[in-house]
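Trainee: Show me the folded form of this:
(chains A and B)
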Amino acid sequence: MAINDIYTDGIASGWDVRDASTFTAPTTLEADIVIVGTGAGGGTSAEILANAGFKVLLIEEGPLKTSASFKDMNEARAYAELYQEGSGRTTSDGAITVLQGRSVGGTTTVNWTSSFRTPPETLKHWAEAHGVKGWSVDEAKPWFDERSERLGIAPWGVPPNANNAVLQKGCEKLGWEWHVIPRNVRGCWNSGYCGFGCPVNAKQSMLVATIPAALAKGATLVHHLSVRKLQITGDQVTGLEAVALDAACNQPSGVSVSVRAKHVVLAGGAINNPALLLRSGAPDPHGRVGKRTCIHPVVFTYALMPERVDGWYGAPQSVASDHFQWSGQFDFAPGFKMEVPPVYPALIAALFGRSGQELSQNIAQMPQFNVMLALMRDGFHEDSPGGEVRIDEAGNPVLDYEVSDYLFRGFKNALLRMAEAQFAGGASQVMAAHLDASWSPSWSEAKSQIENLAYKKFKLALGTAHIMGGCAMGEDAKQAVVNSEGSHHQLRNLSIIDGSLFPTSIGANPQLSIYALAARNATRLAQRLKPAAA
Amino acid sequence: MTPAAGPTAFGRRDFLKLSAGSAALLGAGAFTAGLAGCAKHEAPAAGYAFLRAGDAALFTAIAPVVLADSLPQAGRAEHLQQLLKAIDGTGARLQAPTQKMLYQLFDLLNTGLTRRLAAGVSKPWAEAEPAQIEAFLKRWCNSSIGLFNGGYRALSKLVVGNWIALPEGLKTVGYPGPWAPMYSALNS
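Mentor: The predicted structure follows:
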């Protein structure tokens, strides 16, 4: 059966979608509002601002890839075309793998669909410790309700796949809290290929949901276009300097593009937004740009199950546990959320960290693998201040992230609890993702091994798929880059609307936290700008 | 802690000595400045966008050892060629700071003195025995020095991640292929 390609049909009906790699001469683009980045923040803002009657220009550095190119369901193609640095991005020391999207729709095109509301504890902490106003549990609720409706977000109604079922069974046996994960899907086939681009447009990503709606309202989308600099005069952004990229989306094509707009929205994510501000010499009197970049550092454990798991098939994430998230000794170590990653073959094999026969014999058993992960709630304690985005001499973004003893203690706690859950969930053998670890046949053996591992970078396999902060929001300009609605503290026609606003990590997969905050901020922005632009 | 395959007592002592010397070298800037000097500015090899001739030789030598039975014997030369092209593509898509970090690692391994000191491999990669390469990988994996662990992770991840993403590699992990009900519906 053929799945209609939204963009093929839309462009035929007159949508204004341009591929900057085909530009042959310098160009100037104009709009009421330019949005740099098309992920959760930019995509949400685009629909709301276009609906409010503004002429919106959406700029995306990555390519436009749609369901037609996802039907091969191929992992290699996805990493090469849909991820930052071909999925090879890391922190500056190489110790933490960074999975971040880079195509129209941003990370929403490739994420695993988990859609949590910002936990009430996090919202309270932001108000108390970071001067965030107007985003309390009660004030945020209508925006979560509205976004959930817009994007089909509901707890997954199908039984979990065998990989997720291990976590559910383990939690049930141990008496731990667990819950069904809400997902942003409509007409989902339960195939499990969310990370390679949804081939049936079931995932309500920005690529599928909001950007087509914005284009239908007359917005313009230009992809293969990288914004290098904001031109700033006094307290205003007067223009953007951009370069078109080549067809491979790798190198500048040599064609420059200027952008003029009354208002500028940055939505390039928590690495690219700070880098753009730093390259532009944007006012930053208190040195806050790029600071407090939180990442939910993730550790992993593998389990060998007695039966086939086929963890590559089925909704990738449908069960989570917050049992160790909000109750614990947080002066000692951070709380964490437990989930599973999909068993995507290349991802899991690369993570495995072994070589020779030890590698080949183990990964040959991948059909029986259950893999568990824990994401650390970073940014909530003075010993967990997050990392820092800076730029190198050529202006490229670099993320420095030091791992404190506080976080290492969290990693150890999490590896122990995951191993315990895996054995309770029926595992025959369990092993931590650590270069010195080996398979343990029982919980007691796993426990003593994990307690005695060396807690060091590189020994531990560390990853992140959630980059947050770096342009923190808050009322105090000494602490924050923008106010609580995303308006820049020094530049009056600049807003930042995406996950880079968060003053800490979320404590859950962040996409719905971004959607709701972006919807509120874009709506307020439209109300504020309307008189001047109309 | 039970390292899966630790070096022998002699090997470990030997390696600790080696490590101390290498760490001093690294501290002196071998890793960051690139002792290879000219190699730092060398262009990618013909047909490649990222890998230089020495880098391609390095991966040609280590990939069969890293992958063992995950790299089938039949058609091995052709598979290695596909893998090198895939690693090259991965490298070419990285941004400059990550590329620089990898080139520093490759320079360290492609300069005679640092290859001997840091990796314990006396001959150029094209002539190195599989057993020597295996010992090098185990030492870097088991080392207590983070830089070596990091170098090991980078090399093995490039080889394993790229190989298992290729059709022949996918077969070796028991992946039955794209979920059939959807794949056949969309591609028929």
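
Trainee: show me the contacts for the residue lying closest to A:Gly474 once chain neighbours are set aside.
Mentor: Spatial nearest neighbour of A:Gly474, chain neighbours left out: A:Ala480 (3.3 Å); criterion: CB to CB, 6 or more residues apart in numbering or on different chains. Glycine gets a C-beta too; all of them are placed from N, C-alpha and C. Counting by CB atoms under 8 Å, 6 or more residues apart in numbering or on different chains, A:Ala480 touches A:130-131, A:288, A:472-474, A:489, A:503.

Trainee: Just the residues you listed: which are in helices?
Mentor: Those of the contacts of A:Ala480 mapping onto helices are A:His130, per DSSP state H.

Trainee: which SSE is the spatially most central residue of chain B in?
Mentor: By CA atoms, centre = their mean, chain B has its centre lying nearest to B:Leu155, at 2.9 Å. According to DSSP states H and E, B:Leu155 maps onto helix B:146-164.

Trainee: is any part of that helix close to chain A?
Mentor: Yes - for helix B:146-164 and chain A, the contact criterion (CB under 8 Å from any CB of the partner chain) is met by B:146, B:149-150, B:152-154, B:156-157, B:160-162, B:164.

Trainee: What number of residues are in the vicinity of the nearest residue to A:Trp15 once chain neighbours are set aside?
Mentor: Distance criterion CB to CB, 6+ apart; nearest residue to A:Trp15, sequence neighbours excluded, is A:Leu215 at 4.2 Å. A:Leu215 has 25 neighbours, counted by other CB atoms under 10 Å in any protein chain shown.

Trainee: Then A:His179?
Mentor: Residues near A:His179, counting by other CB under 10 Å, number 14.

Trainee: try the one 4 residues further on
Mentor: When counting by other CB under 10 Å, one arrives at 27 neighbours for A:Arg183.

Trainee: on that earlier part again, buried sites along the helix holding B:Leu155?
Mentor: Within helix B:146-164, the residues that count as buried by 16 or more other CB atoms under 10 Å in any protein chain shown are B:147-164.

Trainee: Tell me the secondary structure at A:Gly328.
Mentor: Following DSSP: H, G, I helix; E, B strand; the rest coil, we place A:Gly328 in the coil state.

Trainee: measure it to A:Arg409 for me?
Mentor: 11 Å (CB to CB, to the nearest Å).

Trainee: so the residue nearest to A:Trp15 touches A:Asp16, yeah?
Mentor: Yes - under the contact definition of CB atoms under 8 Å, A:Leu215 touches A:Asp16, with a separation of 7.0 Å.

Trainee: what sits in contact with each of those two?
Mentor: Joint contacts of A:Leu215 and A:Asp16 (CB under 8 Å, 6+ apart) are A:Leu221.

Trainee: show me where pLDDT drops low in chain A?
Mentor: Confidence mapping of chain A against pLDDT under 70 gives the ranges A:1, A:531-534.

Trainee: what's the burial count for A:Asp448?
Mentor: Wrong residue type there; residue A:448 is Ser, not Asp. Neighbour tally, A:Ser448, other CB under 10 Å: 11.

Trainee: Would you confirm that it belongs to a helix?
Mentor: Yes - assigned with three-state DSSP, A:Ser448 falls within a helix.

Trainee: Skipping adjacent residues, who's closest to the closest residue to chain B within the stretch 1-150 of chain A in space?
Mentor: Proximity of the stretch 1-150 of chain A to chain B (CB to the nearest CB) peaks at A:Gly86, 3.1 Å away. For A:Gly86, ignoring the flanking residues on the chain, the nearest one in space by CB to CB, 6+ apart is B:Arg93 at 3.1 Å.

Trainee: which residues touch the one you found?
Mentor: B:Arg93 makes contacts with A:80, A:85-86, A:88, A:250, as judged by CB under 8 Å, 6+ apart.

Trainee: phi, psi of the residue in the stretch 401-534 of chain A that chain B sits nearest to?
Mentor: Closest approach between the stretch 401-534 of chain A and chain B, counting by CB to the nearest CB: A:Phe458, at 3.6 Å. Taking degrees, to the nearest 10, you get phi 70, psi -40 for the backbone angles of A:Phe458.

Trainee: ok, it - how many residues close by?
Mentor: 26.

Trainee: Can you verify my assumption that it contacts B:Lys157?
Mentor: No - taking contacts as CB under 8 Å, A:Phe458 lies outside contact range of B:Lys157: 11.3 Å.

Trainee: Now do the buried residues in stretch B:78-91.
Mentor: For stretch B:78-91, a neighbour-count test (16+ other CB under 10 Å) marks B:79-80, B:82-91 as buried.

Trainee: Export those residues to CSV and append columns for secondary structure and distance to A:Pro155.
Mentor: Below are the buried residues of stretch B:78-91 laid out as CSV (DSSP: H, G, I helix; E, B strand; the rest coil; distance: CB to CB, whole Å):
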residue, secondary structure, distance to A:Pro155
B:His79, helix, 44
B:Leu80, helix, 47
B:Gln82, helix, 43
B:Leu83, helix, 42
B:Leu84, helix, 46
B:Lys85, helix, 44
B:Ala86, helix, 39
B:Ile87, helix, 41
B:Asp88, helix, 44
B:Gly89, helix, 39
B:Thr90, helix, 37
B:Gly91, helix, 42
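
Trainee: Contacting chain A as well, which ones from the residues you listed?
Mentor: Okay, of these touching chain A (CB under 8 Å from any CB), that's B:86, B:89-91.

Trainee: OK, contacts around B:Cys141?
Mentor: A:353-355, A:435, B:149, B:152.

Trainee: for chain B, what are the nearby residues on the stretch 251-400 of chain A?
Mentor: Along the stretch 251-400 of chain A, the residues adjacent to chain B under the rule CB under 8 Å from any CB are A:310, A:312-313, A:345-347, A:349-350, A:352-361, A:363-367, A:392, A:394, A:396-398.

Trainee: rerun at 6 Å
Mentor: Applying CB under 6 Å from any CB of the partner chain, we find that the stretch 251-400 of chain A lies next to chain B at A:313, A:345-346, A:349-350, A:355-358, A:360, A:363, A:366-367, A:392, A:394, A:396, A:398.

Trainee: among those, which are in helices?
Mentor: Residues of these located in helices (DSSP H): A:345-346, A:349-350, A:356-358, A:360, A:363.

Trainee: Farthest pair within those residues?
Mentor: Spatial extent of these (CB to CB) is set by the pair A:Ala346 and A:Gln357 at 19.8 Å.

Trainee: More neighbours: the two, which one.
Mentor: Per other CB under 10 Å, whichever of A:Ala346 and A:Gln357 has more neighbours is A:Ala346, with 23 against 13.

Trainee: check contacts around that one.
Mentor: Contact analysis of A:Ala346 by CB atoms under 6 Å, 6 or more residues apart in numbering or on different chains lists A:75, B:161, B:164-165.

Trainee: I'd like the residues you listed written out as a markdown table, with distance to A:Phe332 added.
Mentor: What follows is the contacts of A:Ala346, written out as a markdown table (distance: CB to CB, whole Å):
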| residue | distance to A:Phe332 |
| --- | --- |
| A:Glu75 | 39 |
| B:Gly161 | 35 |
| B:Ile164 | 38 |
| B:Ala165 | 40 |
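
Trainee: From those, pick the one nearest A:Ser69.
Mentor: The closest of the contacts of A:Ala346, once distances to A:Ser69 are taken by CB to CB, is A:Glu75, at 13.8 Å.

Trainee: how near is that closest one to A:Leu525?
Mentor: From A:Glu75 to A:Leu525 the distance is 38 Å (CB to CB).

Trainee: Now do the contacts for the residue of the stretch 1-150 of chain A closest to chain B.
Mentor: For A:Gly86, the contact set (CB under 6 Å, 6+ apart) comprises A:79-80, B:90, B:93.

Trainee: quick check, it in a strand?
Mentor: No - going by three-state DSSP, the assignment for A:Gly86 is helix, not a strand.

Trainee: Relative to B:Gly91, how far out is it?
Mentor: 9 Å.

Trainee: what's the closest of the ones next to chain A among the buried residues of stretch B:78-91 to A:Ser444?
Mentor: B:Thr90 (40.7 Å).
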